[in-house]
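Colleague: Turn this into a structure:
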Amino acid sequence: MTLEHLSKNQKLILSIVCDAIGMIPFIDIIWAPLSGYIMSRLYKGNIGKFAGVFSFIEEIIPGTDFIPSFTIMWLYTHVFSSEKKPEETVIDID
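Modeller: Sure, this is the predicted structure:
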């Protein structure tokens, strides 16, 4: 199973774990490229690429570790996005 095929709840848990790892001091040089890669694999398309670049930049810049970029992306994708997901399709049976 690839990262983009995880369920909504699994992505939230992974996002919280990744944000927690990103707050560990002095691992930014290792974590920044890894977080960018993970983020780009969690979300497909251009939005995933943008989020991966944002995550890398946020992690590599000192003092920005408090920003929960993975959780923000999860919220954007699953709460604030107006796109309907296949799992959210409602079928009305009369």
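
Colleague: all contacts plus neighbour counts: C-alpha atoms, from now on.
Modeller: Fine.

Colleague: Other residues contacting stretch 48-57?
Modeller: Counting contacts by CA atoms under 8 Å, 6 or more residues apart in numbering, the residues outside stretch 48-57 that touch it are 32-43, 69-70, 73.

Colleague: which one of the residues you listed is nearest residue 12?
Modeller: residue 70 (8.4 Å; CA to CA).

Colleague: what's the nearest residue to that closest one if we skip its chain neighbours?
Modeller: Take residue 70 and drop its neighbours on the chain: the residue closest to it by CA to CA, 6 or more residues apart in numbering is residue 15, 4.8 Å away.

Colleague: Verify the contact between the one you found and residue 74 for me.
Modeller: Yes - counting by CA atoms under 8 Å, residue 15 does reach residue 74; the two are 7.2 Å apart.

Colleague: Find the nearest non-adjacent residue to residue 52, please.
Modeller: Using CA to CA, 6+ apart and skipping residues adjacent in sequence, the residue nearest residue 52 is residue 36, 4.0 Å away.

Colleague: what's the spacing between that neighbour and residue 28?
Modeller: As for residue 36, its distance to residue 28 is 12 Å (criterion: CA to CA, to the nearest Å).

Colleague: Residue 12 too?
Modeller: Here the distance between residue 12 and residue 28 works out to 22 Å (CA to CA).

Colleague: if we can go back for a sec, the residue nearest to residue 70: neighbour count?
Modeller: 22 (other CA atoms under 10 Å).

Colleague: For it, grab phi and psi.
Modeller: phi -60, psi -40 (degrees, to the nearest 10).
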